[in-house]
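Q: 3D, please:
(chains A and B)
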2 protein chains.
Amino acid sequence: MIELLTIGDELLLGSTVDTNAAFLGTRLTAAGFRVLRLTTVGDREPEIRDALLSALRRTGCVICTGGLGPTPDDLTRPVVAALYGRELLLDEHWLAELEGRFQARGMAMPANNRQQALVPDCAVLLPNQRGTAPGLALSDPALGTTVLLPGVPAEMRSLLEAQVLPYLAVQFGPRPPVRSRTLRTTGMAESALAERLAGVGDDLSHLTLAYLPTGTGIDLRLTTWGELEEPDAERVLAEGEQRLRQAVGDLIYGTGNEDLAAVLGVHLGRRQLRLAVAESCTGGLLAARITAVPGSSDYFLGGVVAYANSAKQALLGVADATLGQYGAVSEKVALELARGAVQSTGADCGLAITGIAGPAGGTPDRPVGTVWIAMQVPGESRAERFRFAGSRDEIRARAAQAALALLLRALR
Amino acid sequence: MIELLTIGDELLLGSTVDTNAAFLGTRLTAAGFRVLRLTTVGDREPEIRDALLSALRRTGCVICTGGLGPTPDDLTRPVVAALYGRELLLDEHWLAELEGRFQARGMAMPANNRQQALVPDCAVLLPNQRGTAPGLALSDPALGTTVLLPGVPAEMRSLLEAQVLPYLAVQFGPRPPVRSRTLRTTGMAESALAERLAGVGDDLSHLTLAYLPTGTGIDLRLTTWGELEEPDAERVLAEGEQRLRQAVGDLIYGTGNEDLAAVLGVHLGRRQLRLAVAESCTGGLLAARITAVPGSSDYFLGGVVAYANSAKQALLGVADATLGQYGAVSEKVALELARGAVQSTGADCGLAITGIAGPAGGTPDRPVGTVWIAMQVPGESRAERFRFAGSRDEIRARAAQAALALLLRALR
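A: Reported below is the predicted structural model:
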């Protein structure tokens, strides 16, 4: 059993939502550890000390996040060192690493960062590739094990995966694994998906099926809770996956945390097709999704964000008459935008989005959330009308996701 | 002082991010209560009892969420009743209310819901307009006050505002409010910022100064912890803000949770300037940031994502010779991209980004993270070289933020 301790006034003041706790819970559970309790305290010495000591007494293993920065409100390192009765010693290797990083960027290291190379005696330093605060692990027979991680989510996550989970596995031995498999769907609401899966869910022995809405789709997660040994767990998961694919395979685009834009990129790369996009209401989000994938320059040529009608005409050759006759949010304009993206860049495939993300701009005919999406591949072009619910941000995100899904369906 | 106790296995398993805690923190802080600690436990009787008792001993006032539903894993009501030594009695009024609601929808009330009308003797029932679980408030001189709220965010929020805050004000009298003010900075690392603010932080009487990294900058938060009455608190905050602005005003772009793209939009709108962008490594992210702001169509014409060099030439008129002589990631190309954005759309201002987001593509001369950003405003154009640290996502996000900041500085 493990407890979590997240540290920071901003968490108690509510200015930051604690996403670290959920991430730690997910990953530790998957690694076979049970999280017993989570405590959050502010940046104050007695509170940190008291909460950590109580948590260690209950479980003997605590993972803390936060309070490792270079500023005076970062107290975790000295408080934990004092609790374990360890001196803080300068780690020359980490100091040199930090100085080297600043130097590589042509800067002198600020004096404040020096305290991030202070390490409690006998602690294990877990090098942080993404930031200046290293993770630290302390252990003794009386108190148990405390792992300190920075509060910046990206740093905490990569340290957890690369360093902390292996450290815990060595410290506590292998766990009976909780295994899960996630199938990612898009294009159907949770309740409709549940209807199509009505018979399947009840039938999965040794497995639970969870519906996890992601904002742009529903993830289906199958879990075995450590009752089964390998290879039975693996077999049961594979059977469950097959049942889900039989029922809703047309909506599944990937597994685990695969991104739809990355899956699409694999298909484009395999068929040596190059893509360009044109977008209005998504305003760059579609291109940003595509280019977030490393190596996307192999198949993505570029895009146009045609927010004003003048930009649609000048950059993409949409006809004045089409805009006048059908309006910017129409099948015809969507198709001309997709063709414009292809022609202006010399791409093989085009993808275009035009719609009304709100909050203003809706009409009775074309209410907020109305979006036309067009795709063009060699030998085929097609547009679909969507009506997305939600806020401006949600409508934009869902439109970009739907566009990627439309092209993926055409390619496979 | 108040403590929060959130109850539910899903919070420890990480399948749900605890947004209730942040909401409670924000609203209670604003109402003058200091939140000392947050504890999260699973749906187990000994854990709930132990955590609640410890929290009551520390502060004498605890707000719990979760575990009030109609299913067997909802334990909060009986556990708390037992702790206070109160019997659970059927509240006929609430039972009738529940039965009436089901009836109005043409349904018989499921038997399970009856337990939601069981109320500890002498507890105050806080009617829930949005769900079947009422809030409950218990108080006695030995233990103090415990408020129970449902875990469904919409129900919890409306009960907090309508019932709990007024109940606490009666119970504890009016509070001197905890007030805070946030100044948002970008363009300088936390440690360097702390160096520039070295003299200021120690000098702020009645105020604490916190550094909150956001990924694309550092928020500076000043807080008065309720020692001061109005108007003194307001005056002390205003003085603190002025000290910070004197020291690092050049880096501050906004207050509260203002977005840099929105602040820039206000400046563009005020001066009736229209913007277009051209971006390479950020791949649409800069345009997406700008168009995430409602009403951005008033000043944003569009943009080009020129990922391939051919797109830089075809869509933005970047000269073949410039690309050949200086390379795509260069001052000259950045300036030509900015000019191309302006000329191809007829905008007044242009903003351009070209760089290497990685993970591949770096060279000794131009390592991953090297980014040139150019801006053009009427009468001026300028480019700056940056070297961003971090992952591909982080470099892209930081480059987009730096571009927005560069243009904002030129406009004000």
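
Q: helix, strand, or coil at the most centrally placed residue in chain A?
A: Nearest to the centroid of the C-alpha atoms of chain A, with distances taken as Cα atoms, centre = their mean, sits A:Asn257, at 7.7 Å. Following DSSP: H, G, I helix; E, B strand; the rest coil, we place A:Asn257 in the coil state.

Q: need the nearest residue in space to A:Gln129, chain neighbours excluded.
A: Leaving out its chain neighbours, the residue that sits closest to A:Gln129 by Cβ to Cβ, 6 or more residues apart in numbering or on different chains is A:Ser158, at 6.5 Å. Where C-beta positions appear, they are placed from N, C-alpha and C, glycine not excepted.

Q: check which helix or strand that neighbour maps to.
A: Taking DSSP states H and E as the definition, A:Ser158 sits inside helix A:153-159.

Q: how about the residue of chain A positioned farthest from its centre, secondary structure?
A: Relative to the C-alpha centroid of chain A, counting by Cα atoms, centre = their mean, A:Ala321 is the outermost residue, at 42.5 Å. Counting by three-state DSSP, the backbone at A:Ala321 sits in helix.

Q: any figure for the gap between it and B:Gly32?
A: Distance, A:Ala321 to B:Gly32, using Cβ to Cβ, to the nearest Å: 63 Å.

Q: against B:Tyr211, how distant is the residue nearest to A:Gln129?
A: Between A:Ser158 and B:Tyr211 the computed distance is 22 Å (Cβ to Cβ).

Q: with A:Gly256 instead?
A: Noted for A:Gly256: a distance of 35 Å to B:Tyr211, by Cβ to Cβ.

Q: can you list the buried residues in the helix ranked longest in chain A?
A: Taking residue count as the measure and DSSP state H as the definition, the longest helix of chain A comes out as helix A:392-411. For helix A:392-411, the neighbour count (16 or more other Cβ atoms under 10 Å in any protein chain shown) marks A:392, A:394-408, A:410-411 as buried.

Q: may I have that helix as PDB, with CA atoms only?
A: As requested, the backbone C-alpha atoms of helix A:392-411 are provided in PDB (Å, rounded to 0.1, in the frame of the first residue of the first chain):
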ATOM      1  CA  ARG A 392     -16.200  26.900 -28.200                       C
ATOM      2  CA  ASP A 393     -13.100  24.900 -27.100                       C
ATOM      3  CA  GLU A 394     -15.100  21.600 -27.100                       C
ATOM      4  CA  ILE A 395     -16.600  22.200 -30.500                       C
ATOM      5  CA  ARG A 396     -13.200  23.100 -32.000                       C
ATOM      6  CA  ALA A 397     -11.600  20.000 -30.500                       C
ATOM      7  CA  ARG A 398     -14.500  17.700 -31.700                       C
ATOM      8  CA  ALA A 399     -14.400  19.100 -35.200                       C
ATOM      9  CA  ALA A 400     -10.700  18.500 -35.500                       C
ATOM     10  CA  GLN A 401     -11.100  15.000 -34.200                       C
ATOM     11  CA  ALA A 402     -14.000  14.300 -36.600                       C
ATOM     12  CA  ALA A 403     -12.000  15.600 -39.600                       C
ATOM     13  CA  LEU A 404      -9.100  13.200 -38.800                       C
ATOM     14  CA  ALA A 405     -11.600  10.300 -38.400                       C
ATOM     15  CA  LEU A 406     -13.200  11.100 -41.700                       C
ATOM     16  CA  LEU A 407      -9.900  10.900 -43.600                       C
ATOM     17  CA  LEU A 408      -8.800   7.800 -41.700                       C
ATOM     18  CA  ARG A 409     -12.100   6.000 -42.700                       C
ATOM     19  CA  ALA A 410     -11.500   6.900 -46.400                       C
ATOM     20  CA  LEU A 411      -7.900   5.600 -46.300                       C
END
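
Q: hmm, it touching chain B?
A: Yes. Helix A:392-411 lies within reach of chain B by Cβ under 8 Å from any Cβ of the partner chain, at A:Arg392, A:Asp393, A:Arg396.

Q: for that helix, packing partners?
A: Counting by 3 or more Cβ pairs under 8 Å, 6 or more residues apart in numbering or on different chains; DSSP states H and E, the packing neighbours recorded for helix A:392-411 are helix A:260-270, helix A:285-291, strand A:349-355, strand A:370-377, strand A:380-387.

Q: now do that helix and strand A:349-355, the angle between them.
A: Relative orientation of helix A:392-411 and strand A:349-355, computed by axes from the mean of the first three to the mean of the last three Cα atoms, to 10 degrees: 150 degrees.

Q: returning to that earlier point: tell me the contacts of the residue nearest to A:Gln129?
A: The neighbours of A:Ser158, taking Cβ atoms under 8 Å, 6 or more residues apart in numbering or on different chains as the test, are A:Asn128, A:Gln129, A:Arg130.

Q: one more: A:Thr182?
A: Under the criterion of Cβ under 8 Å, 6+ apart, the contact list for A:Thr182 reads A:Leu212, A:Asp219, A:Leu220, A:Arg221, A:Leu222, A:Thr255, A:Gly256, A:Asn257.

Q: switch the cut-off to 10 Å
A: Contacts for A:Thr182 were tallied using Cβ atoms under 10 Å, 6 or more residues apart in numbering or on different chains; they are A:210, A:212, A:219-223, A:241, A:254-258.

Q: where exactly do the helices run in the stretch 1-150 of chain A?
A: According to DSSP state H, counting those that start in this stretch, the stretch 1-150 of chain A carries its helices in the segments A:9-13, A:19-30, A:45-59, A:76-83, A:92-104.

Q: any bit of the last one sitting next to chain B?
A: Yes. Helix A:92-104 reaches chain B (Cβ under 10 Å from any Cβ of the partner chain) through A:Leu98, A:Arg101, A:Phe102, A:Ala104.

Q: and A:Ala389, its phi and psi?
A: In this entry, A:Ala389 is assigned phi and psi values of phi -90, psi 160 (degrees, to the nearest 10).

Q: that one contacts A:Thr370, correct?
A: No. With the criterion set as Cβ atoms under 10 Å, A:Ala389 and A:Thr370 do not qualify as a contacting pair; they are 11.3 Å apart.
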